[in-house]
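Student: Turn this into a structure:
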Amino acid sequence: MRLLRSAAAVVGALTLVVTLPASASAATGDFSYKFVGLDGKARSATVHDPRSPGCLVLPEVADPGSSEPAFAPHNDTDEWAVVFTGPDCTGDSWTLRPHGNPATDRLKLRSVYLTGSH
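Tutor: Prediction:
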């Protein structure tokens, strides 16, 4: 009887683990962009294996009132990325394919949404 209860408990625990939602994963690769630093010089930043799916606000340009937007994004991750002109994935958007070429300096952004899709 104890063996039957133990087996039932193990099966129940395995069922629970299998049905739990998956935790946030990460895109594989780098998402990079350029921005103007406080000294007025162009800087580069790279996010390695960004969390996905989800919205990533670029910290250097998060406040539209005190900074210019970032520019020239490069999605070298294995997922589709949607860049936004506003913080919190708002405003105009543009989609970048996985492992694509760097975008031009004219493409501005303050946040990016990694779709979780390959």
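
Student: quick one: buried residues of stretch 32-46?
Tutor: Of all the residues in stretch 32-46, those buried under the rule 16 or more other Cβ atoms under 10 Å are Ser32, Tyr33, Lys34, Phe35, Val36. Where C-beta positions appear, they are placed from N, C-alpha and C, glycine not excepted.

Student: Just the endpoints, please. Distance across that stretch?
Tutor: 4 Å (Cα to Cα, to the nearest Å).

Student: Check stretch 56-65 too.
Tutor: Terminal residues of stretch 56-65 lie 19 Å apart, using Cα to Cα.

Student: Now it: buried residues?
Tutor: Those buried within stretch 56-65 under the rule 16+ other Cβ under 10 Å are Leu56, Leu58, Glu60, Val61.

Student: Redo these as CSV? Include pLDDT, distance to Val47 and secondary structure.
Tutor: Shown next, in CSV, are those (pLDDT from 0 to 100; distance: Cβ to Cβ, whole Å; DSSP: H, G, I helix; E, B strand; the rest coil):
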residue, pLDDT, distance to Val47, secondary structure
Leu56, 97, 7, strand
Leu58, 98, 9, coil
Glu60, 96, 11, helix
Val61, 97, 13, helix
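
Student: Many thanks, I have nothing further to ask.
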